[in-house]
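Visitor: Generate a structure from the sequence data that follows.
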Amino acid sequence: MSFEWIDQPLTEQDASRSPVRIRSQVVEPRRRCPSISYPWHQWICATHGTLTVMVDSTWYVVPPRQALWIPSGTQYSLATMDGAEFTCVSIEATVEVSLADHCTMFRVSSLLIELLEEADHIRQTKEVSSYVGLLQRIIVEQLHRQKEQDFRLPWPSNERLITICQQVYLHPDDTRTLEQWAVLLGISSRTLTRLFTEDMGISFRAWRYRLRLCRALEWLCHARPVTEIAQELGYANPSAFAYMFKESMGCTPSEWRSPAR
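Guide: The predicted model follows:
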């Protein structure tokens, strides 16, 4: 089974000469913004819904109050299954920013969220003042103060593995083992296990665990009941799901969804 994305282009960068540019965009459900790269650094912060940003063979799941740092020149695309809204901070490569030279996920503080909302409001009103430059400098400084997170999900390049991973992504309650998949695909289980580990860098079991966590974050953002999420992820009961979630995130699903977290 394959994904049926509908292409939706990213909004154009504004034509200002400012070294820091901020824009927001709404992405409709099942939309994908085609692969692109910019000469600027990109800080993409989800404000509503969950984004999936694809960079090479890695998917980054970006739920609300999380952000992905994308260094200049990086080829990426983004998509959302259920719809999302995000704010993007674009920073010219000439601006000194002491962040990693590779894609990195961050938890976004309430302060930075407020600053981004203020900056986006100013952009829409086209205000021109010394305050604008000051606000931009504060935002860039705040980027360094955010806490790193890790929501990476490896994605395969091998066609047979893509078949498996797409199925499990769409149906995370699928409990078939790699041995059962090997029978279905007409390949030895030893060969399939080797292919999966070489292509993904982790075992199938570890990947499915991470996939279920990523899908849980997506669904929690859309106010789906925890009991329903647990069932669709294939857990025997909500308690088993909550235990997995707390082991990975340090809090329960309900606590994670709380605005006060």
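
Visitor: where exactly do the helices run in the stretch 101-250 of the chain?
Guide: For the stretch 101-250 of the chain, the helices defined by DSSP state H, counting those that start in this stretch occupy 110-125, 130-143, 159-170, 178-185, 189-200, 204-220, 226-232, 238-249.

Visitor: For residue 32, find the nearest of the ones you listed.
Guide: Between residue 32 and those, the tightest spacing by Cβ to Cβ is seen for helix 159-170, at 14.0 Å. (Glycine included, C-beta is placed from N, CA and C.)

Visitor: chain center to the closest one, what's the gap?
Guide: Relative to the mean C-alpha coordinate of its chain, helix 159-170 is positioned 19 Å out (Cα atoms, centre = their mean, to the nearest Å).

Visitor: between it and helix 204-220, how big is the angle?
Guide: Here the directions of helix 159-170 and helix 204-220 differ by 40 degrees (axes from the mean of the first three to the mean of the last three Cα atoms, to 10 degrees).

Visitor: What are the buried residues along helix 159-170?
Guide: Applying a neighbour-count criterion of 16 or more other Cβ atoms under 10 Å, one finds 160-161, 163-165, 167-169 buried in helix 159-170.

Visitor: just stretch 21-40 next, same as before
Guide: Residues of stretch 21-40 classed as buried: 21-25, 27, 31-33, 38, 40 (neighbour count, 16+ other Cβ under 10 Å).

Visitor: if we can go back for a sec, name the nearest of the buried residues of helix 159-170 relative to residue 179.
Guide: Using Cβ to Cβ, residue 164 is the member of those that lies nearest residue 179, at 12.1 Å.

Visitor: residues contacting that closest one?
Guide: Taking Cβ atoms under 8 Å, 6 or more residues apart in numbering, we find residue 164 in contact with 156, 178, 181, 185, 204.

Visitor: Can you verify my assumption that the second one contacts residue 191?
Guide: No: taking contact to mean Cβ atoms under 8 Å, the distance of 10.5 Å between residue 178 and residue 191 leaves them out of contact.

Visitor: Go through the contacts of residue 164 and say which is closest to residue 58.
Guide: The closest of the contacts of residue 164, once distances to residue 58 are taken by Cβ to Cβ, is residue 156, at 10.8 Å.

Visitor: Which ones among the buried residues of stretch 21-40 map onto strands?
Guide: Residues of those located in strands (DSSP state E): 21-25, 27, 31-33, 40.

Visitor: will you turn these into TSV that also has pLDDT and distance to residue 258?
Guide: As requested, those are arranged in TSV below (pLDDT from 0 to 100; distance: Cβ to Cβ, whole Å):
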residue	pLDDT	distance to residue 258
21	89	32
22	88	27
23	87	29
24	89	24
25	91	26
27	92	25
31	91	28
32	90	30
33	90	30
40	92	34
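
Visitor: just to revisit the earlier point, quick check, nearest of the contacts of residue 164 to residue 195?
Guide: residue 156 (8.4 Å).

Visitor: Count the residues that sit near the closest one.
Guide: Residue 156: 19 surrounding residues under other Cβ atoms under 10 Å.

Visitor: which residues sit in contact with it?
Guide: 57, 162, 164-165, 196, 199-200.

Visitor: What does the pLDDT read for it?
Guide: We have a pLDDT of 90 for residue 156.

Visitor: separation between it and residue 202?
Guide: As judged by Cβ to Cβ, to the nearest Å, residue 156 and residue 202 stand 11 Å apart.

Visitor: next one: residue 224
Guide: Residue 224 sits at a distance of 27 Å from residue 202 (criterion: Cβ to Cβ).

Visitor: Kindly report the same for residue 176.
Guide: Distance, residue 176 to residue 202, by Cβ to Cβ: 18 Å.

Visitor: Could you do residue 126 as well?
Guide: Distance of residue 126 to residue 202, given as Cβ to Cβ: 48 Å.

Visitor: Tell me which of the two has more neighbours.
Guide: residue 202 (13 against 8).

Visitor: Contacts only, for the closest residue to the more buried one other than its chain neighbours.
Guide: Nearest non-adjacent residue to residue 202, counting by Cβ to Cβ, 6 or more residues apart in numbering: residue 154, 6.5 Å away. Going by Cβ under 8 Å, 6+ apart, residue 154 touches 57-59, 199-202, 207.
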